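Engineer: Sequence unavailable; structure follows:
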């Protein structure tokens, strides 16, 4: 029998998750109708895998589900909560504008940095990290730049893999669940646990409408918001752990989009492209090119994300030496898989129609 205290703690976490999920289930069809009414449609381009225009205001639905559950179950006066809600709102607005008007890369980047600065303003930043030799490494004057880099990198990493129906939402749900479990294991602040649970619920509430065949897309607004909030959760929770390997836990939890984005930068450099220039070399593109259906490719990538999430859970229970071994093993397996699928190939492949 589960002790009363543990049962109450589980309910305190599961109820906000379920509320966010239910709100997402209810509000996503409404946002789809709004998108259709105002012609907010994602029209196919050369690198798209969908053939017909799809409404794209799903990211707004995800944010609203997150907002409602957060306002109900968390204290709005808490700086972490206010920072994430305000910064997340800016990210969603930026994403909607980008979806509608295709903002220049510099303007989109500036908006992401501005949203990241909101987190810093509310005290959500990486001031120090523990190290294997004992004690802490203090960032001092580098705390703000490192935090901005961390948040912007996570924000874009999830956006990079948002290329198949249900992929980004499912991966975000897996990553936030992993961070939630790690947070419970390591005794992280309650606010970080609840935000992770609410984010998982928001993504899960949207997923039934986004899984192939998708009836609505989340757009840049949703993908960037999910990545942004995962970055904020990791800073307010995981990175405050005293574990020497704490930095690797959120990296592994978000391992699939992080590695795919990192390999994309390398691949584009080798191809003579700007790092922000879109291509068809991502893992999901390669899987489709190999003959997989969208559903098969997405389920496989869920499994890869889950595999890396298991590595993050293992990492949270290990000392620095064994933890580094797990970290290296998981990423080596991903790298070898990337080589197998040709993700680093220099030659330009035929674009997906």
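Structural biologist: Structure's in. What do you need? Because the structure is a prediction, the values reported are computed rather than measured.
Engineer: Can you classify residue 51 by secondary structure?
Structural biologist: Three-state call for residue 51 (DSSP: H, G, I helix; E, B strand; the rest coil): coil.
Engineer: which residues does it contact?
Structural biologist: residue 44 (CB atoms under 8 Å, 6 or more residues apart in numbering). From N, CA and C alone the C-beta is placed, and that goes for glycine too.
Engineer: For the residue nearest in space to the middle of the chain, list the residues it contacts.
Structural biologist: In the chain, the centroid-proximal residue (CA atoms, centre = their mean) is residue 227; its distance is 3.2 Å. For residue 227, the contact set (CB under 8 Å, 6+ apart) comprises 154, 155, 156, 157, 158, 159, 172, 254, 257.
Engineer: can you count the residues close to the fourth one?
Structural biologist: Translated: residue 157. Neighbour count of residue 157, defined by other CB atoms under 10 Å: 25.
Engineer: With the last one instead?
Structural biologist: Close neighbours of residue 257, defined as other CB under 10 Å, add up to 31.
Engineer: That one is in contact with residue 158, isn't it?
Structural biologist: Yes - under the criterion of CB atoms under 8 Å, residue 257 makes contact with residue 158 at 4.8 Å.
Engineer: Could you tell me which residues touch both of those two?
Structural biologist: What both residue 257 and residue 158 touch, as defined by CB under 8 Å, 6+ apart, is the set 168, 171, 227.
Engineer: tell me which element the residue nearest to residue 191 when sequence neighbours are not counted is part of?
Structural biologist: Leaving aside its chain neighbours, residue 191 sits nearest to residue 80 (5.3 Å; criterion: CB to CB, 6 or more residues apart in numbering). Assigned by DSSP states H and E, residue 80 belongs to helix 79-101.
Engineer: hang on, the earlier thing: could you dump the contacts of residue 227 into CSV with secondary structure and pLDDT added?
Structural biologist: Output for the contacts of residue 227, formatted as CSV (DSSP: H, G, I helix; E, B strand; the rest coil; pLDDT from 0 to 100):
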residue, secondary structure, pLDDT
154, helix, 94
155, helix, 95
156, helix, 92
157, helix, 90
158, helix, 91
159, helix, 89
172, helix, 96
254, coil, 89
257, helix, 88
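Engineer: and the two most separated of those?
Structural biologist: The span of the contacts of residue 227, defined through CB to CB, is set by 156 and 172 at 13.7 Å.
Engineer: More neighbours: which of those two?
Structural biologist: Taking other CB under 10 Å, residue 156 and residue 172 do not tie; residue 172 has more neighbours (32 against 22).
Engineer: Grab the nearest non-local neighbour of the more buried one.
Structural biologist: Spatial nearest neighbour of residue 172, chain neighbours left out: residue 226 (4.0 Å); criterion: CB to CB, 6+ apart.
Engineer: can you confirm that neighbour is in a helix?
Structural biologist: Yes - the assignment for residue 226 by three-state DSSP puts it in a helix.
Engineer: give the contact list for it.
Structural biologist: With contact taken as CB under 8 Å, 6+ apart, residue 226 is in contact with 62, 158, 168, 169, 172, 199, 203, 218.
Engineer: Sort the residues you listed by pLDDT and name the bottom one.
Structural biologist: Within the contacts of residue 226, the minimum per-residue pLDDT falls on residue 158 (91).
Engineer: My read is that it contacts residue 168, right?
Structural biologist: Yes - in this structure, residue 158 is within contact of residue 168 by CB under 8 Å, at 5.7 Å.
Engineer: So residue 112 is in contact with residue 95, correct?
Structural biologist: No - using CB under 8 Å, residue 112 makes no contact with residue 95, being 9.7 Å away.
Engineer: number of nearby residues for residue 82?
Structural biologist: As a burial measure, residue 82 scores 16 neighbours (other CB under 10 Å).
Engineer: That one - nearest residue in space that isn't next to it in sequence?
Structural biologist: Once flanking residues are discounted, residue 82 sits nearest to residue 122: 5.9 Å by CB to CB, 6+ apart.
Engineer: Quick check: phi and psi on the one you found?
Structural biologist: Note on residue 122: its backbone torsions stand at phi -90, psi 20 [degrees, to the nearest 10].
Engineer: Looks like it contacts residue 79 (just checking).
Structural biologist: Yes - Residue 122 lies in contact with residue 79 (CB under 8 Å); the separation is 4.4 Å.
Engineer: the more surrounded of those two?
Structural biologist: Between residue 122 and residue 79, counted using other CB under 10 Å, residue 122 has the larger neighbour count: 20 against 14.
Engineer: Surely residue 181 and residue 313 touch.
Structural biologist: Yes - Residue 181 is within contact range of residue 313, at 6.2 Å (criterion: CB under 8 Å).
Engineer: which residues of the stretch 51-200 of the chain fall in strands?
Structural biologist: Taking DSSP state E, counting those that start in this stretch as the test, the strands found in the stretch 51-200 of the chain are 54-55, 128-130, 136-138.
Engineer: Nearest to residue 210, out of these?
Structural biologist: Closest approach to residue 210 among the strands of the stretch 51-200 of the chain (CB to CB): strand 54-55, 9.6 Å.
Engineer: In terms of secondary structure, what does the closest one contact?
Structural biologist: If you count contacts as 3 or more CB pairs under 8 Å, 6 or more residues apart in numbering; DSSP states H and E, strand 54-55 packs onto helix 4-37, strand 41-42.
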